[in-house]
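[1] predicted coordinates and the sequence they were generated for:
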Protein chains: 4
Amino acid sequence: MEKVKRFGVSIEESLLIKFDSFIKTKKYKNRSEAIRDLIRENFVNDSWEDSSKHVAGAIIIVYDHHKRELLDNLVDIQHNYQNFIISSQHIHLDHHNCMEIIVVKGAMQKLIELEAILKATKGVKHTTFAKSTLGEEI
Amino acid sequence: MEKVKRFGVSIEESLLIKFDSFIKTKKYKNRSEAIRDLIRENFVNDSWEDSSKHVAGAIIIVYDHHKRELLDNLVDIQHNYQNFIISSQHIHLDHHNCMEIIVVKGAMQKLIELEAILKATKGVKHTTFAKSTLGEEI
Amino acid sequence: MEKVKRFGVSIEESLLIKFDSFIKTKKYKNRSEAIRDLIRENFVNDSWEDSSKHVAGAIIIVYDHHKRELLDNLVDIQHNYQNFIISSQHIHLDHHNCMEIIVVKGAMQKLIELEAILKATKGVKHTTFAKSTLGEEI
Amino acid sequence: MEKVKRFGVSIEESLLIKFDSFIKTKKYKNRSEAIRDLIRENFVNDSWEDSSKHVAGAIIIVYDHHKRELLDNLVDIQHNYQNFIISSQHIHLDHHNCMEIIVVKGAMQKLIELEAILKATKGVKHTTFAKSTLGEEI
């Protein structure tokens, strides 16, 4: 169990009143929980500013599975980047559209490269790069 | 097979030269493929501007599974929102940290609500809301 | 002078060590200053999630002033939205390119509309919508 | 006058119909104008991904001008970065709050550094970093 420390924060009364109402709306149990979240979010955002870092996240692609050879291409690409791919999850959105959520970790540069290749693949209609964290630094 | 149309684009020569070099770097097969991607991305971004819309995406949470009752809480929350959750995928990042990727679709307001509840849960260290598409409008 | 309150925050030791190193890198004087900034940023981000709100910010446009009638068009558009425009600032970037920074406040919907009109104007090469705050809620 | 080129785009009929309705809503004169905007936006976004690049934009700060020594501090900071600052514009938001829009250009690293210093200054309540372009590459 990790040691917990405590420190004091000075804050204008009006800002504190608004913060408390925010905590209630967002269903936080207490101020510390909310403050810790703000601190951690700030770290994760920062880690994505520096493209030399190691990060974790997911690449979400939406594609039309009727396109010829698309499935083969997607598997080939993922094999070329297998060291950076933790797992994939496949969703059938409707008769035409599939969503694939590829969880990735490693050097940001390589993950960006992988997203670009998936995006440029014929039949892939949309890609999203979701920026998460390995959890180590928070 | 959907009907394909063709239209012409006028563009300054210098901008076209840069666009062609972009296409090469990003490994697009041809200009049409890249243009279609820009158009579709623009639509997906737009659909996320209007919080009354139905959308699809993923909520990624990173948490410390050693926190007491966290796993029970996460399951309870997801059951309350089961109509909006397509599936979940679980990754063991390291000894402490887990990543869970929850694929969601439905009214944006409800998805935002779900993310807020997950975020405020004790032990959840980070949440990312990845904005993708149902694929219908692109 | 506004009344200042004080509250305590519990936090894991390892996260606090990282936060202190962040404070040093970012040249904050103390933890309270950094915490207040995180709280205020969070409020400003939230206010831009709800398109019915009143907000403040700036629309930055970059354009080629050699385009015929562009300057007249830009002045006409700004006059139509004069209730939402506080002031403009003009920068000569190079022989061709001008930057204009239009400070705006009011209903978010109208500001988004103004940006769309400026963006669609022939000769305007790029627009940025910078999301700031009226300062009231922070 | 720059030479204008023309190229053809193949596109699914259903996507073209949606694109034409988008063009109408956003008040573009024609498809070429809209396509050129998408291309240019894509380039500007890309240029902000690489922190070694030279860029242009604005740092917007909101502060309470009643804070002791704040105005002196803000002037001192801006003088230290005068090579990166093109001009400033000052807005009186209300009795307490001022907005200052500082137009900046140069190495992205230095601009990020300047924003961090302004943000950490006591009395500065919020900073926004607006990412625009020097106009050269578009």
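    Sure, I can see it.
[2] please name the residues that touch residue A:87.
    Contacts for residue A:87 (CB atoms under 8 Å, 6 or more residues apart in numbering or on different chains) come out as A:102-103, B:89, B:91. For glycine as for every other residue, the C-beta is placed from the backbone atoms N, C-alpha and C.
[3] as a markdown table, the residues you listed with neighbour count, distance to chain D and secondary structure would be great.
    Formatted as a markdown table, these follow (neighbours: other CB atoms under 10 Å in any protein chain shown; distance: CB to the nearest CB, whole Å; DSSP: H, G, I helix; E, B strand; the rest coil):
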| residue | neighbour count | distance to chain D | secondary structure |
| --- | --- | --- | --- |
| A:102 | 26 | 20 | strand |
| A:103 | 24 | 22 | strand |
| B:89 | 18 | 27 | strand |
| B:91 | 18 | 26 | strand |
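[4] nearest to residue D:126, of those residues?
    Using CB to CB, residue A:103 is the member of the contacts of residue A:87 that sits closest to residue D:126, with 34.5 Å.
[5] looking at the contacts of residue A:87, which is nearest residue C:78?
    Residue C:78 lies nearest to residue A:102 out of these, by CB to CB, at 45.7 Å.
[6] hey, what's that closest one bridged with?
    With beta bridges defined as DSSP bridges, residue A:102 has these partners: residue A:59, residue A:88.
[7] do residue A:106 as well
    Bridge pairing for residue A:106 - DSSP bridges - gives residue A:55.
[8] tally of neighbours for it?
    Neighbours of residue A:106 under the rule other CB atoms under 10 Å in any protein chain shown: 17.
[9] distance of it relative to residue A:114?
    Using CB to CB, to the nearest Å, residue A:106 is found at 9 Å from residue A:114.
[10] residue with max distance from the center of chain A?
    Largest separation from the mean C-alpha position in chain A: residue A:13, at 35.0 Å (CA atoms, centre = their mean).
[11] can you name the residues that contact that residue?
    Each residue near residue A:13 by CB under 8 Å, 6+ apart is listed here: C:2-5.
[12] quick one, grab the pLDDT at it.
    You'll see residue A:13 listed with a pLDDT of 91.
[13] can you tell me the SS state at residue A:29?
    coil (DSSP: H, G, I helix; E, B strand; the rest coil).
[14] got the contact list for the residue lying closest to it once chain neighbours are set aside?
    Closest residue to residue A:29 apart from its sequence neighbours, by CB to CB, 6 or more residues apart in numbering or on different chains: residue B:122 at 6.3 Å. When contacts are counted by CB under 8 Å, 6+ apart, residue B:122 touches A:29, A:33, B:67, B:70, B:73.
[15] just residue A:73 next, same as before
    Residue A:73 touches A:121-123, counting by CB under 8 Å, 6+ apart.
[16] which neighbours do residue A:106 and residue A:114 share?
    residue A:84.
[17] does chain D sit close to stretch A:33-45?
    No: with CB under 8 Å from any CB of the partner chain as the measure, stretch A:33-45 is seen stopping short of chain D, the closest distance being 11.6 Å.
[18] could I get the CA-only coordinates of that stretch as CSV?
    The C-alpha coordinates for stretch A:33-45 follow below in CSV (Å, rounded to 0.1, in the frame of the first residue of the first chain):
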residue,chain,number,x,y,z
GLU,A,33,-10.0,12.7,-5.5
ALA,A,34,-10.8,15.6,-8.0
ILE,A,35,-7.5,17.3,-7.5
ARG,A,36,-5.6,14.0,-8.0
ASP,A,37,-7.5,13.5,-11.3
LEU,A,38,-6.6,17.0,-12.5
ILE,A,39,-2.9,16.4,-11.7
ARG,A,40,-2.8,13.0,-13.4
GLU,A,41,-4.6,14.3,-16.5
ASN,A,42,-2.1,17.1,-16.8
PHE,A,43,0.7,14.6,-16.7
VAL,A,44,-0.8,12.4,-19.4
ASN,A,45,-1.4,15.4,-21.6
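[19] buried stuff in it?
    For stretch A:33-45, a neighbour-count test (16 or more other CB atoms under 10 Å in any protein chain shown) marks A:33-44 as buried.
[20] among the contacts of residue B:122, which are in helices?
    A:33, B:70, B:73 (DSSP state H).
[21] how close does the last one sit to chain C?
    The gap separating residue B:73 from chain C is 19 Å, by CB to the nearest CB, to the nearest Å.
[22] could you pull out the helices in chain A for me?
    According to DSSP H, the helices that chain A contains are A:13-25, A:31-47, A:70-80, A:108-120.
[23] residue D:50: which of the ones you listed is closest?
    That would be helix A:108-120 among the helices of chain A, by CB to CB, at 10.6 Å.
[24] do that closest one and chain B meet?
    Yes: counting by CB under 8 Å from any CB, chain B is contacted by helix A:108-120 at A:116-117, A:119-120.
[25] off-centre distance for that helix?
    Counting by CA atoms, centre = their mean, to the nearest Å, helix A:108-120 is centred 14 Å from the centre of its parent chain.
[26] elements contacting that helix?
    In terms of contacts (3 or more CB pairs under 8 Å, 6 or more residues apart in numbering or on different chains; DSSP states H and E), helix A:108-120 is packed against strand A:54-64, helix A:70-80, strand A:97-107, strand A:124-131, helix B:31-47.
[27] let me know which of these is tucked in deepest.
    strand A:54-64 (a mean of 23; mean count of other CB atoms under 10 Å in any protein chain shown).
[28] out of the helices of chain A, the one nearest residue C:25 is which?
    Relative to residue C:25, the nearest member of the helices of chain A by CB to CB is helix A:31-47, separated by 9.4 Å.
[29] distance between stretch A:43-53 and the chain's centre?
    12 Å.
[30] do the same with stretch A:46-58
    10 Å.
[31] just the CA coordinates for that stretch, please, in CSV.
    Written as CSV, here are the backbone C-alpha positions of stretch A:46-58 (Å, rounded to 0.1, in the frame of the first residue of the first chain):
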residue,chain,number,x,y,z
ASP,A,46,2.1,16.5,-21.2
SER,A,47,3.5,13.0,-22.0
TRP,A,48,1.8,13.3,-25.4
GLU,A,49,3.5,16.6,-26.2
ASP,A,50,6.9,15.0,-26.6
SER,A,51,7.0,12.6,-29.6
SER,A,52,10.2,10.8,-28.3
LYS,A,53,8.2,9.3,-25.4
HIS,A,54,6.8,5.8,-24.8
VAL,A,55,3.0,5.9,-24.5
ALA,A,56,-0.1,3.8,-24.6
GLY,A,57,-3.4,4.3,-26.3
ALA,A,58,-5.7,2.9,-28.9
